[in-house]
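1. Make a model of this:
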Amino acid sequence: MKTTLLFALLIFSAAFCLNTVSAEKKQPKPAKEQPEDSTPKIDLEDVPPEKAAEILKKFEAVRKIESELKFQQGVITIKDGLAKLSLPETFRYLDPNDTEKVLVDIWGNPPREKSLGMIVPTDFKAIGDASWAVVITYEEDGYVKDDDAASINYTDLLKQMQESTREASEERKKAGYEAIELVGWAEPPHYDNASHKLYWAKELKFGDGEEHTLNYDIRALGRRGVLSLNAVGSMEQLKDIKTDMQAVLGFVEFNEGHRYGDYLAGTDKVATYGIAALIAGKLAAKAGLFKVLLGLLIAGKKFVIIGVIGLIALARKLFSRKSGSADETISISSSGESSGNQAL
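-> The predicted model follows:
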């Protein structure tokens, strides 16, 4: 069995390393000048050969999906002229179809209403534990009055959100997903009266995992609804994501006719909620709390690979970096599950 596993692993590694090996033969470089080898290594020790073959096949399929993503740069118009993204060189955009491939096919999130696309750092890799992204959605629930922004007690609001999350967690478990806990604010809410933009961040815990998840949220208020930008990553990335999300605040704007100041009193629809409800995640209360939380907390499991006849649930952190090494390794047990990973 070990001989068979080793042979399968060697074939897989050789396939992904072929171009690198060929280049090294043609133009040898001193060890110090060689770039880090980011090619994933898969540890399939003690995994039955038939399961190992299926795991490798699925992994190759995911790598193919990633290689076919079409990134866009510059000024991007979204939702038929509703708003625009003026992306600097440090960011790129994926359209709704490619975003769906990342969220569902690569990261394994449950299917949900299609987004308006995704903003990612220029060095974004869909497979890798340093990846994070900003998913864009829009809720046309009407003009959201912001007169409650200055009077919100965010400590009390957090307590209410934690209680609601516990209730949603019970529903998640009944549906076969892991428990979820809202640990607290990773960044307290801030509302800018001039730009009519709101941002905050939550620290989340899924199951018994030691690594906590970060959800960093931006809401841009418009004439007829709210543009939502949700960044997902790990708490270790808070500093970098916080810096980049401040940049995102600046390059996301509604187009003329859709701006907050374009609202016509007595003519345009007014939303039934205010700023506090936006933060609490009750944008679409009619859909039910469980559905709303599933939609907004898409970081529930990053980096999931599913569909290998129940053999694996690689999640949130597909790769674990070896201490003292640049190699990334997937360690999979005899049950087919990666060590330390979770599934939404």
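
2. What strand or helix carries E54?
-> helix 49-67 (DSSP states H and E).

3. buried sites along that helix?
-> Of the residues in helix 49-67, K51, A52, A53, E54, I55, L56, K58, F59, V62, E66 count as buried by neighbour count, 16 or more other Cβ atoms under 10 Å. Backbone N, C-alpha and C define where each C-beta goes, glycine included.

4. so which of the residues you listed comes closest to D105?
-> Closest approach between the buried residues of helix 49-67 and D105, by Cβ to Cβ: V62, at 7.2 Å.

5. in terms of contact, does that closest one touch W107 like I think?
-> No. The criterion here is Cβ atoms under 8 Å, and V62 misses it with W107 at 9.6 Å.

6. got any ranges where the stretch 101-250 of the chain has weak pLDDT?
-> Residue ranges of the stretch 101-250 of the chain with pLDDT under 70: 128-130.

7. all helices of it, in order?
-> For the stretch 101-250 of the chain, helices defined by DSSP state H, counting those that start in this stretch occupy the ranges 154-174, 238-251.

8. Can you add mean neighbour count and distance to H196 and give these back as CSV?
-> Converted to CSV, the helices of the stretch 101-250 of the chain look like this (neighbours: other Cβ atoms under 10 Å; distance: least, Cβ to Cβ, whole Å):
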stretch, mean neighbour count, distance to H196
helix 154-174, 15, 19
helix 238-251, 15, 11
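
9. Identify whichever of these lies nearest to T77.
-> When the helices of the stretch 101-250 of the chain are compared by Cβ to Cβ, helix 238-251 sits nearest T77, at 12.9 Å.

10. need the next SSE after the closest one, C-terminal direction.
-> Assignment by DSSP H and E places the next element after helix 238-251 at strand 252-254.

11. average pLDDT across that next one?
-> The average pLDDT for strand 252-254 rounds to 97.

12. Okay, and the beta partners of the nearest residue to V183 once chain neighbours are set aside?
-> Nearest residue to V183 in three dimensions, chain neighbours excluded: E203, at 4.2 Å (Cβ to Cβ, 6 or more residues apart in numbering). The bridge-partner assignment for E203, based on DSSP bridges, gives G184, L214.

13. E203: what's it in contact with?
-> L182, V183, G184, W185, A186, H212, T213, L214, M235 (Cβ atoms under 8 Å, 6 or more residues apart in numbering).

14. ok, of the residues you listed, which one's closest to E113?
-> T213 (21.1 Å).

15. count of residues packed around that closest one?
-> The tally of other residues near T213 (other Cβ atoms under 10 Å) stands at 24.

16. what's the burial count for L221?
-> L221: 23 surrounding residues under other Cβ under 10 Å.

17. Confirm for me that it is in contact with K197.
-> Yes. Judged on Cβ under 8 Å, L221 makes contact with K197 at a distance of 7.2 Å.

18. For the chain, just list every one of the strands.
-> For the chain, the strands defined by DSSP state E occupy 40-43, 75-78, 83-86, 91-94, 117-121, 133-139, 180-192, 197-206, 213-221, 226-234, 252-254, 320-321, 328-331.

19. for the nearest residue in space to E89 that is not next to it in sequence, phi and psi?
-> Leaving aside its chain neighbours, E89 sits nearest to T122 (6.7 Å; criterion: Cβ to Cβ, 6+ apart). Main-chain dihedrals, T122, degrees, to the nearest 10: phi -60, psi -30.

20. For D80, the count of nearby residues, please.
-> D80 is flanked by 5 other residues according to other Cβ under 10 Å.

21. Tell me how far it lies from G257.
-> Distance, D80 to G257, by Cβ to Cβ, to the nearest Å: 12 Å.

22. returning to that earlier point: tell me the one among the buried residues of helix 49-67 nearest to D208.
-> Relative to D208, and with distances defined as Cβ to Cβ, the nearest of the buried residues of helix 49-67 is I55, at 23.3 Å.
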